[in-house]
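> give me a model of this one.
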Amino acid sequence: MPAATAPAAGRSFTHGQGSTVVAEHPKQVVVFDLAALDTLDALGVEVQGVAGEYFPGQLAKFADAKKYPRFGTLFEPDYEALNAARPDLIITGGRSSARYSKLKDIAPTIDQPTDDAHYLETVKANTERLAAVFGKQEKGRALLEDLDRSIATLKQTTATRGRGLIILTTGGRMSAYGPGSRFGVLHEGFGIPSAAPTLKASLHGEAVGSEFILETNPDWLFVIDRDAAIGEGGGAQRLLDNELVRQTTAWKQGQVVYLEPANTYLIGGGIQSMRRLMEQIADVYAQPRQPTAP
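Next up, the predicted model:
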């Protein structure tokens with residue numbers, strides 16, 4: 001549980017880049033991280049403003065720029081607008097963490113880190129921190145307890161249903177991700193045995209081709225279409241529909257799973273995002289096998 005003390009000016013919270021004193025129940029909050037925004041939404045916390053223009057899935061309401069003013073992008077904050085708005089709190093994380101040092105000079109700022117090697121633990125710690133900052137501890141506990149129960153049930157199924165391989169596609173290319181990677185929660189968190197446990201855990205995965213998928217021959221192939229996630233079409237299904245991939249057990253058994261792209265790639269790390277990902281995995285494992293026609 002993130003440590004918190006109670007000095008006169010507010011409470012001090014430890015986070016990804018140190019500790020920050022935050023006023024009691026901050027009202028004017030600007031968020032530079034979609035995962036944090038996802039969690040705040042689940043906790044019932046309203047925000048003053050956001051960054052970026054693309055708010056997919058469960059974050060669609062934040063596309064209303066009149067209700068949720070923009071303060072730059074996740075990579076390039078609008079420092080002038082922030083200085084004028086004088087927020088009580090700024091939240092960074094993931095793609096905006098590199099801007100923390102500048103943002104903290106404008107207003108109290110906390111950074112929500114993502115640790116790929118301990119992804120699920122990160123989600124829980126970040127949820128607990130935000131719940132504590134906004135006095136939503138009871139709601140936060142309920143969300144996490146519900147997630148824990150559901151994951152425990154899911155793991156009873158995944159452990160005995162074969163090995164999985166995670167593939168990200170973009171621009172006609174593929175990368176594979178294994179345990180300890182940014183998408184490795186499917187293995188460590190959800191209990192899916194890895195079909196490629198020796199893959200290096202790197203941010204961009206390990207470049208592979210259809211030959212690798214055939215050699216690995218996973219029982220389940222989990223696919224993240226990055227192009228679809230960022231609103232640039234998407235060609236994962238066309239890319240994978242080839243003679244080599246069609247020979248795999250995953251293809252023959254109808255166990256090629258296209259993960260909800262924006263939820264997995266853009267919002268991953270939020271408590272709602274984690275819940276949706278878990279539910280998608282649970283749903284496909286609950287369905288009877290439907291062999292793909294040759």
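> what stretches of this protein score poorly on pLDDT?
Applying pLDDT under 70 to the chain picks out residues 1-9, 289-294.
> mind running it again at 80?
When residues are selected by pLDDT under 80, those of the chain lie in 1-9, 202-203, 288-294.
> after whichever strand or helix holds residue 91, heading C-terminal, what element do we hit next?
Assigned by DSSP states H and E, residue 91 falls within strand 89-93. For strand 89-93, the following helix or strand on the C-terminal side (DSSP H and E) is helix 100-103.
> the closest residue to residue 67 other than its chain neighbours: how many residues sit nearby?
Spatial nearest neighbour of residue 67, excluding adjacent residues (Cβ to Cβ, 6 or more residues apart in numbering): residue 61 at 7.9 Å. Yep, even glycine has a C-beta here, placed from its N, CA and C like the rest. Neighbour count for residue 61, taken as other Cβ atoms under 10 Å: 10.
> could you check how far residue 61 is from residue 240?
Separation of residue 61 from residue 240 (Cβ to Cβ, to the nearest Å): 33 Å.
> then residue 104?
Distance of residue 104 to residue 240, computed by Cβ to Cβ: 44 Å.
> can you check residue 196 too?
As judged by Cβ to Cβ, residue 196 and residue 240 stand 16 Å apart.
> for residue 95, same thing?
In terms of Cβ to Cβ, residue 95 sits 27 Å off from residue 240.
> who has more neighbours, these two?
Of the pair residue 95 and residue 240, residue 240 is the one with more neighbours under other Cβ under 10 Å, namely 23 against 17.
> contacting residues for that one?
167, 169, 210, 213, 221, 223, 256 (Cβ atoms under 8 Å, 6 or more residues apart in numbering).
> for these, which one is nearest residue 178?
For the contacts of residue 240, the residue nearest residue 178 by Cβ to Cβ is residue 167; the value is 10.9 Å.
> could you report the neighbour count for the closest one?
For residue 167, the neighbour count with other Cβ under 10 Å is 27.
> quick one: it is in a strand?
Yes: under DSSP: H, G, I helix; E, B strand; the rest coil, residue 167 falls within a strand.
> can you pull the contacts of it?
Contacts for residue 167 (Cβ under 8 Å, 6+ apart) come out as 174-177, 208, 213, 221-224, 240.
> quick one: which of the residues you listed sit in strands?
Secondary structure from DSSP state E places 174-177, 208, 221-224 of those in strands.
> mind putting those residues into CSV with distance to residue 81 and neighbour count?
As requested, those are exported to CSV (distance: Cβ to Cβ, whole Å; neighbours: other Cβ atoms under 10 Å):
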residue, distance to residue 81, neighbour count
174, 39, 21
175, 36, 20
176, 41, 23
177, 36, 29
208, 42, 19
221, 44, 24
222, 39, 24
223, 38, 21
224, 33, 26
